[in-house]
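In: Fold the stuff below for me.
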Amino acid sequence: MCGIVGAIATERVDRSLVVQMRERLRHRGPDAEGLWSSPDGRVCLGHRRLTIIDPSPEANQPFSTGDGRLTIVFNGEIYNFRALGRALEAEGVRFRTRSDTEVLAEAYRRWEETCLERLSGMFAFSIWDGATNRLFCARDRAGEKPFHYTAANRAFAFGSELKALQPWLPVEWDVDWTAIADFLALGFIPDPKTVWRGVKKLPAAHWLAVDLTDDGLHVADPVPYWDFELSPGDEGSDWEQAVRDALESAAAEMTVADVPVGTFLSGGVDSSSVTAALARTGQRLTAYTVGFEEKAYDERRWARTVATLYGVEHVERMVVPSDFEAVFRDVVLWHYDEPFNDHSYAPTYYVCREARRSITVALSGDGGDELFAGYRKYAMLARRSEIENAVGRPAAQLAARGAMALLRSRAKLAARLHPYRLAPEELLLSTLVTGIPSDELRAEARGPLAAALRQYDPLDSVRHHVRAVSPHEHGLIDAMRYLDLKITLASILTKVDRASMAVSLEVRPLYLHRDVLDVARRIPGNLLASGRGATKLLLKRALEPWLPAEILQRPKMGFGMPLSLWLRGGLALGDAREGSALQECIDASFLERLRAEHAAGRDRTAALHGLMFLDHWLSRWTDTRAAA
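Out: Coordinates of the predicted model:
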């Protein structure tokens, strides 16, 4: 795991700027640093290394092939690099290191962009090809590793994090207020947007090419090379065995490392299955768990059960309100360099910090809920599907509208019926709103945010994903799985990447291995959830030989945290200061109304946290954005 930066221009690149970019990513790679420039000075690549595979200096980056044609900067791991290396050696390639970096460079030489189809791993990389004057950039299937870029002034620059790009264009950064609206509604800013105009994220499972020609610099549009193509198989197939086989083989492949490996263990289904899969491969490991004083959020007893069952060493770390305040002020605003509203970054950061004391690589269960329908909303979607199959969609929606009209005075019952009256596409989109709904946001917006919302809806940024997988064709559950993989998972992966890289820890999500993804896309959606409230049905059945019923059947929690209770108990994230940037874009009384509603029992945690995060972010990055 590393930090990568680079620039290509029609004139010589200022190496000192690329050094500044690179050093903003020191936390991502504390073990080594490197800088490379092309002979004509128009290309410059920088790298910070966290050593995982082949610790020799010869494997440091930027890495150039023996003939000098290709130079690569690479963030991530290629799990099947040994198999790829053997295939390339059979064609005459001779390697001088044991690194996956060299294998990746030679795979690109042999297969060009089609090499991406052969890679098993997580990655973001750029390869300069001196023979064709092309910079090739790519990102992994699920988007586990980040890649940000900007193209302006006859130049192209990229970096693992947004902050790395700011030395490149220090005075030309303007806030994109539609991205702020996305953040306040969805909880994060979906690709390809970033919070800054003119700076983009390369979408997951895409590549792009930048060609340097006599006519200038040509930046092509990103090209997709993979998608989560839903292709349900036979319901009678032995999907349980297929899932177990995929998890076990993925675990064996993903433990490749020259450093200690462990797992995150919440005691839930996904993380417990990861610990079980690794233990079954014979891997010696340590499991790490976050705990809370609040019993409703504390999962340590279940984590202990799994750790004892598999005989793994187990480390626990308690998180208390003062920990959240410390990480919010001292860590989050620097490492999450655009607005972000998943407040479980706090326990994620602390479990990463604890793990980093003794390991460098941790496997996680991220992706299990998205692939195997683990969220509570899937039970609602299954229930609606069952009702519509029984009486027909028009009749079901008509009955829901009529019942809502009769229940206007009973808000809770009306709210429960609301999902049954929406059109399928709008229903799916509505589940993605985790912060402030669009109508409420428009009512409270002021200044530049209000102007942005006049002809814009935050859901516009994700509608293209709904068009890609119609619920009419694929059903509600499968369509939701696709959306969660493209949108919900993107937020989770951002959370984990920034929290882990803050302490120089590599996290590998087992469920996002390409073999697990392939099995999941072929499982019929109706095997995953039921209208009786059950979710993740098939996965739980698959794991019955591995895990006890008390783990498989207990309520879902995950690495959640009791921020809602802490806010009612007096935890202060700070107040919007007089004349602050937040007051220029949000009605000054809105925060107080939210606090009052939250204190009265309505959960407004996401809205409160989002606004306070935005307030501090605006202060940190728009007033002093070039500060280290």
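In: show me what contacts L45?
Out: Residues counted as contacts of L45 (Cβ atoms under 8 Å, 6 or more residues apart in numbering) are I4, V5, G6, V18, L35, W36, S37, P62, T71, V73, S126, W128. C-beta coordinates here come from the backbone N, C-alpha and C atoms, glycine included.
In: Could you single out the nearest of those to E91?
Out: Lowest distance from E91 to the contacts of L45 (Cβ to Cβ) belongs to T71, with 21.5 Å.
In: Verify the contact between that closest one and W128 for me.
Out: Yes - counting by Cβ atoms under 8 Å, W128 is a contact partner of T71 at 4.7 Å.
In: Pull up the overlap in contacts between the two.
Out: S38, L45.
In: Okay, now the unreliable bits of this protein?
Out: 1, 171, 391-418, 557-560, 573-579, 623-628 (pLDDT under 70).
In: Walk me through the domains of it.
Out: 2-224, 239-366+486-530+545-552, 562-628 (automatic domain parsing).
In: Identify whichever of those domains lies nearest to E444.
Out: Ranking these by distance to E444, with Cβ to Cβ as the measure, places domain 562-628 first at 4.5 Å.
In: tell me how far that closest one is from the chain's mean position?
Out: Mean C-alpha position of domain 562-628 versus that of the full chain (Cα atoms, centre = their mean, to the nearest Å) differs by 24 Å.
In: do the same with stretch 461-480
Out: Distance of stretch 461-480 from its chain centroid, counting by Cα atoms, centre = their mean, is 20 Å.
In: Name the residues that touch that stretch?
Out: Contacts to stretch 461-480, defined as Cβ under 8 Å, 6+ apart, come from residues 178, 182, 186, 190, 193, 227, 230, 232, 373, 377-378, 381-382, 384-385, 424-425, 427-429, 431-432, 482-483, 486-487, 525-526, 528-529.
In: Spell out the residue ranges of the helices in the stretch 501-628 of the chain.
Out: 514-521, 537-542, 549-552, 563-568, 590-599, 605-622 (DSSP state H, counting those that start in this stretch).
In: ditto for the stretch 201-350 of the chain
Out: Under the criterion DSSP H, counting those that start in this stretch, helices of the stretch 201-350 of the chain are mapped to 239-254, 269-280, 300-310, 321-327, 333-335, 345-356.
In: Just send those back as CSV, with mean neighbour count and distance to D587 too.
Out: Putting those into CSV (neighbours: other Cβ atoms under 10 Å; distance: least, Cβ to Cβ, whole Å) gives the following:
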stretch, mean neighbour count, distance to D587
helix 239-254, 20, 48
helix 269-280, 26, 40
helix 300-310, 19, 42
helix 321-327, 17, 26
helix 333-335, 19, 24
helix 345-356, 24, 27
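In: Out of those helices, which gets nearest to A502?
Out: Once the helices of the stretch 201-350 of the chain are compared by Cβ to Cβ, helix 333-335 is nearest, at 4.6 Å.
In: just checking, what packs against that closest one?
Out: Identification of packing neighbours for helix 333-335 by 3 or more Cβ pairs under 8 Å, 6 or more residues apart in numbering; DSSP states H and E yields helix 489-501, helix 605-622.
In: and the angle from the last one to helix 590-599?
Out: Helix 605-622 and helix 590-599 are oriented at 150 degrees to each other (axes from the mean of the first three to the mean of the last three Cα atoms, to 10 degrees).
In: next one: the first one
Out: Calculated by the same axes, to 10 degrees, helix 489-501 forms an angle of 90 degrees with helix 590-599.
In: Tell me which residues are up against helix 489-501.
Out: Contacting residues not belonging to helix 489-501 are listed as 1, 3, 27-28, 142-146, 161, 186-188, 190-191, 204, 335-336, 340, 342, 344-345, 348-349, 352, 362, 364, 366-367, 370, 506-507, 509 [Cβ under 8 Å, 6+ apart].
In: Adding distance to V466 as columns, could you present the domains of the chain in TSV?
Out: Listed next are those as TSV, based on distance: least, Cβ to Cβ, whole Å:
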stretch	distance to V466
domain 2-224	13
domain 239-366+486-530+545-552	10
domain 562-628	22
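In: Among those domains, which comes closest to P437?
Out: Nearest to P437, of all the domains of the chain, is domain 2-224, at 6.9 Å by Cβ to Cβ.
In: Run the chain-centre distance for the closest one.
Out: 18 Å.
In: again with stretch 343-350
Out: 14 Å.
In: next one: stretch 319-332
Out: Computed by Cα atoms, centre = their mean, the chain-centroid distance of stretch 319-332 equals 21 Å.
In: Same check on stretch 257-267?
Out: Distance of stretch 257-267 from its chain centroid, counting by Cα atoms, centre = their mean, is 19 Å.
In: Sort out which residues of it are buried, please.
Out: The neighbour-count check on stretch 257-267 (16 or more other Cβ atoms under 10 Å) flags A257, V261, G262, T263, F264, L265, S266, G267 as buried.
In: If you rank the contacts of L45 by neighbours, which is first?
Out: The most neighbours of any of the contacts of L45, using other Cβ atoms under 10 Å, belong to I4, which has 33 neighbours.
In: gap between that one and H335?
Out: I4 sits 17 Å away from H335, going by Cβ to Cβ, to the nearest Å.
In: what about the closest residue to V199 other than its chain neighbours, helix or strand, and which?
Out: Distances taken as Cβ to Cβ, 6 or more residues apart in numbering place T150 nearest to V199, at 4.6 Å, with adjacent residues excluded. Per DSSP states H and E, T150 falls inside strand 148-152.
In: What about the contacts of helix 489-501, which are in strands?
Out: Counted as lying in strands by DSSP state E, out of the contacts of helix 489-501, are G3, A362, S364, E506, V507, P509.
In: Turn the residues you listed into TSV, columns for neighbour count and distance to T275.
Out: Shown next, in TSV, are the ones in strands among the contacts of helix 489-501 (neighbours: other Cβ atoms under 10 Å; distance: Cβ to Cβ, whole Å):
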residue	neighbour count	distance to T275
G3	28	29
A362	26	11
S364	26	10
E506	25	17
V507	23	14
P509	25	14
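In: Considering these, which is situated nearest to H218?
Out: So of these, ranked by how close each gets to H218 (Cβ to Cβ), first place is G3, at 26.6 Å.
In: Might one say that the closest one is in contact with E23?
Out: No - assessed by Cβ under 8 Å, G3 is found out of contact with E23, at 9.4 Å.
In: any shared contact partners between these two?
Out: Common neighbours of G3 and E23 (Cβ under 8 Å, 6+ apart) are R48.
In: Which positions in stretch 533-550 come out as buried?
Out: T535, K536, L537, L538, L539, K540, A542, L543, W546, L547.
In: and the nearest residue to the fourth one once chain neighbours are set aside, how many neighbours?
Out: So the one you mean is L538. The spatially closest residue to L538, leaving aside those adjacent along the chain, is L527, at 4.7 Å (Cβ to Cβ, 6+ apart). A total of 19 residues lie near L527 under the criterion other Cβ under 10 Å.
In: Next one: L527 from R244, what distance?
Out: 15 Å.
In: and if you look at V469?
Out: 27 Å.
In: Then A529?
Out: From A529 across to R244, the span is 20 Å (Cβ to Cβ).
In: residue nearest the centroid of the chain?
Out: Compute the mean C-alpha point of the chain, and by Cα atoms, centre = their mean the closest residue is L493, 1.9 Å away.
In: And the contacts of stretch 231-243?
Out: 478, 516, 519, 521-527, 538-539, 541-544.
In: Of the residues you listed, just say which sits nearest to E253.
Out: Distance to E253 across those (Cβ to Cβ) is lowest for V516, with 10.9 Å.
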